[in-house]
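Participant: The following block contains a protein sequence and its predicted model.
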Amino acid sequence: MADAPAPDDSGIPPFHVFRALFALFVIGVGVYLIATATKPTETVTARVNYRYMPFSRADTVDFKFADGSDGNEIEPGGLVDAVQEFGPGPARVTRNTENDSIYKVVFHDKTYSLSDPGEDRGGGIIAIVLGALYLGCALLWQVVNRMLPDPAPPGEEPAPTRE
C-alpha cells in the first residue's frame, strides 16, 4: 500500500482571510459610529407633503424648508399616516446642520421621531483601536509563522531556519 503524498504547502501557513475581514468589519463599525456621532442640530419650519413612488413602492414625505432647501424621508412610519390624514401643511423639523439628516418632526402637535443622532463617538474610537489591534495581531502571527522553522517529525532533528 503506497503512502499518500505529503501536502504541498511550501511551509507557508494560510493567511486567515476571515480574521482580516472581521477586523475590517469592526473598524468599519467604529468609523460609522464616529461619523454618526452627535452633530449640531437646528429646528426649522418646513412644509410637508406626501408622495407615493410607484417604481419603488415607497411612501415618501417631502419637506420644503423655510430656507429654500428641501429633503425627503422614505417610509417614515406614522408621519405618512398623519400627512395622509391631515394633508400637506407646516411642521417643525429638527435636522442635522451638517448633512441635513432629519431626526424629529412635529406635525399637528404630535412628535414623530424618524432617527436618532448617534452618541457613541467613544465606542467608535474603541472599535477602531480593537479592530486595528486584531488586524495587526493576525498579520504579525502570519509573519512570525513564516519565520519559524518547520516542526520536525518525532525522532528527527528540526529543519534549518528559512532565509
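Facilitator: Structure's in. What do you need?
Participant: in the helix or strand bottoming out on mean pLDDT in the chain, what's buried?
Facilitator: Among the helices and strands of the chain, strand 70-74 carries the lowest confidence by mean pLDDT, DSSP states H and E, at a mean of 82. By 16 or more other Cβ atoms under 10 Å, the buried positions in strand 70-74 come out as 72-73. For the C-beta atoms, the positions are set from N, CA and C on the backbone; glycine is no exception.
Participant: Could you list every helix and strand that whichever helix or strand comes after it packs against?
Facilitator: Remark: after strand 70-74, the chain's next helix or strand is helix 78-86, criterion DSSP states H and E. In terms of contacts (3 or more Cβ pairs under 8 Å, 6 or more residues apart in numbering; DSSP states H and E), helix 78-86 is packed against strand 41-53, strand 58-65, strand 102-107, strand 110-113.
Participant: Contacts for helix 78-86, please.
Facilitator: With Cβ atoms under 8 Å, 6 or more residues apart in numbering as the test, helix 78-86 has contacts from 48-50, 59, 61, 73, 89, 105, 107-108, 110, 112, 114.
Participant: what angle separates it from strand 58-65?
Facilitator: 80 degrees (axes from the mean of the first three to the mean of the last three Cα atoms, to 10 degrees).
Participant: Paired strands for the next helix or strand after helix 78-86, with orientation please.
Facilitator: Next helix or strand after helix 78-86 toward the C-terminus (DSSP H and E): strand 89-96. With DSSP bridges as the test, strand 89-96 is paired with strand 41-53 (antiparallel), strand 102-107 (antiparallel).
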